[in-house]
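**Q** What would the 3D arrangement of this be:
(one chain, ligands or ions: 2)
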Amino acid sequence: MKNEWGHVIVEGLIKTFQTGSSQVEVIKGIDLTIKRRQSLAVIGASGVGKSTLLHILGTLEEPTSGRVFLDGLDLYQQSPKALARIRNRKIGFVFQFHHLLSEFNALENTAMPALIQGLSRKDAYGEAEEMLVRVGLRERLRHRVGELSGGEQQRVAVARALVVEPELLLADEPTGNLDSQTGRRINELLIQLNEEKGLTTIVATHNLELASMMSSQIRLIDGRVQEER
Ligand SMILES: Nc1ncnc2c1ncn2[C@@H]1O[C@H](COP(=O)(O)OP(=O)(O)OP(=O)(O)O)[C@@H](O)[C@H]1O
Ligand SMILES: [Mg+2]
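**A** Ligands and ions are numbered 1, 2, ... in the order given. So this is what the prediction gives:
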């Protein structure tokens, strides 16, 4: 079924980067089906293309060729406006580097996507507060980004990604710079939210403990999927 909620299908994906006169083919042909509620870990060596794959799935970067379907919608056949709408409504992103806005506090950062989506200030802040409490930051709502620890910032990033209740959560090395205990708390949170909200979760990570918590795993080697389970 191509049109199921939260269902992701990747067909014949290729991504080539042009740098100066040289071309690098990073993704050399990937096919994937990720079902609703599935949690998938993407593992593989540094530079293999994990972030690139997530960016393409998240509509942040266009593939060189191949197709990506979300809910049966052929993403790269959409107009830029339609694509922006899908990105905003259906996809939550936790980046490798958190990209929070440093001059704003935790609550403002978390509410931002909901405001962009058109929720009233009251509703957006209400939802944001609920998500921040959910990630254990009840006492940090009005702390600015710089007044939060790395793990707290990463939890704000998770709250921000989930505030609009996406169908698809893409998390790129969400525990990259955290100590193992804080990392584990974020891992558990991602799994919990995946189960509770029924979202489709795709995580790129070097953290094998996190990878093993996902319902399936793929390993990228030389631009292709080498291992699936
Ligand atoms: N905009 C770009 N222009 C040129 N090359 C790029 C660009 N973005 C990524 N690359 C190259 O594509 C390759 C894959 O990068 P990517 O960031 O996807 O790797 P990764 O698997 O996420 O690595 P890491 O584990 O270190 O995060 C790298 O060799 C990188 O240099
Ligand atoms: Mg990466």
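**Q** Name the residue closest to the centre of the protein, please.
**A** residue 170 (1.7 Å; CA atoms, centre = their mean).
**Q** Pull out the CA atoms of the helix or strand where that residue lies and give them to me as CSV.
**A** Remark: residue 170 resides in strand 168-172, with elements defined by DSSP states H and E. Presented in CSV, the C-alpha positions along strand 168-172 are these (Å, rounded to 0.1, in the frame of the first residue of the first chain):
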residue,chain,number,x,y,z
LEU,A,168,7.6,10.8,10.3
LEU,A,169,10.4,11.5,12.7
LEU,A,170,13.9,11.7,11.3
ALA,A,171,16.7,11.9,13.9
ASP,A,172,20.2,12.4,12.8
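**Q** Using the three-state scheme, assign residue 92.
**A** Following DSSP: H, G, I helix; E, B strand; the rest coil, the label given to residue 92 is strand.
**Q** Within range of ligand 1, give me the residues from this structure.
**A** 17, 19, 24, 26, 44, 46-52, 96 (CB under 6 Å from any ligand atom). Where you see a C-beta, it was placed from the backbone N, CA and C, and this is true even at glycine.
**Q** Pull out the buried residues from those residues.
**A** By neighbour count, with 16 or more other CB atoms under 10 Å, those hold 26, 44, 48, 49, 50, 51, 52, 96 as buried.
**Q** what are the phi and psi angles of the first one?
**A** Residue 26 adopts backbone torsions of phi -90, psi -50, taken as degrees, to the nearest 10.
**Q** In this structure it contacts residue 16, no?
**A** Yes. Counting by CB atoms under 8 Å, residue 26 touches residue 16, with 7.0 Å between them.
**Q** ok, back up a step: in helices, which of the residues of the chain next to ligand 1 appear?
**A** 50, 51, 52 (DSSP state H).
**Q** Distance check, the last one against residue 138.
**A** Yep, that's residue 52 we're talking about. With distances defined as CB to CB, to the nearest Å, the gap from residue 52 to residue 138 amounts to 36 Å.
**Q** chain center to the strand holding residue 170, what's the gap?
**A** In terms of CA atoms, centre = their mean, to the nearest Å, the centre of strand 168-172 is found 2 Å from the chain centre.
**Q** Likewise for stretch 189-203?
**A** The answer for stretch 189-203 is 11 Å, by CA atoms, centre = their mean.
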